[in-house]
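**Q** I need the structure of the sequence given here:
(one chain, ligands or ions: 2)
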Amino acid sequence: MDCIFCKIANGEIPATKVYEDETVVAFNDLEPQAPTHILVIPKQHITSAADISAENSAVIAHIFEVIAQLSKELDMKDGFRVVNNCGDSAGQTVKHIHFHLMSGRAFTWPAG
Ligand code: AMP
Ligand code: ZN
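**A** Ligands and ions are numbered 1, 2, ... in the order given. This is a model prediction of the structure:
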């Protein structure tokens, strides 16, 4: 499968990784939308949030543990935003599920 985030997960494509374990990797977004903008992904290929199931949801729960840990390590005490774009109308451009972890500025709501 020609998936750019699978290739980042297995090291075929370089990325600035800020966290990695057996099932999850986190790396800096190439086009940051905030002073800190990290993408957190499962190493296994899950296409989108619409494909989360009882069989694969443990890694999604783990991603949120990693997000909480990163928020402390990177001193996001003023707050942070986690975004998942699911599907074309939501603006999902990479079809491997990823969670944007953004911090370092104020965010508006609702997100445009
Ligand atoms: P989305 O639009 O939610 O699918 O987000 C995809 C994100 O992946 C965008 O913010 C891109 O800037 C980012 N991105 C795409 N290719 C790379 C890459 N090779 N390394 C890091 N971030 C990337
Ligand atoms: Zn993939």
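
**Q** Would you mark the buried spots in the longest helix belonging to the chain?
**A** Counting residues, the longest helix in the chain under DSSP state H turns out to be helix 57-73. For helix 57-73, burial by neighbour count (16 or more other Cβ atoms under 10 Å) applies to 59-60, 62-63, 66-67, 70-71. Using the backbone N, CA and C atoms, a C-beta is placed for each residue, glycine as well.

**Q** Pull the most distant pair out of the residues you listed.
**A** Greatest spatial distance in the buried residues of helix 57-73: Val59 and Ser71, 18.7 Å, computed using Cβ to Cβ.

**Q** Okay, helices next: where are they in this protein?
**A** 4-9, 57-73.

**Q** Among these, single out whichever gets nearest to Asp88.
**A** Smallest distance to Asp88 across these (Cβ to Cβ): 16.9 Å, for helix 4-9.

**Q** next one: the closest one to chain centre, how far?
**A** 12 Å (Cα atoms, centre = their mean, to the nearest Å).

**Q** which of the residues in that helix are buried?
**A** Within helix 4-9, the residues that count as buried by 16+ other Cβ under 10 Å are 5-6, 8-9.
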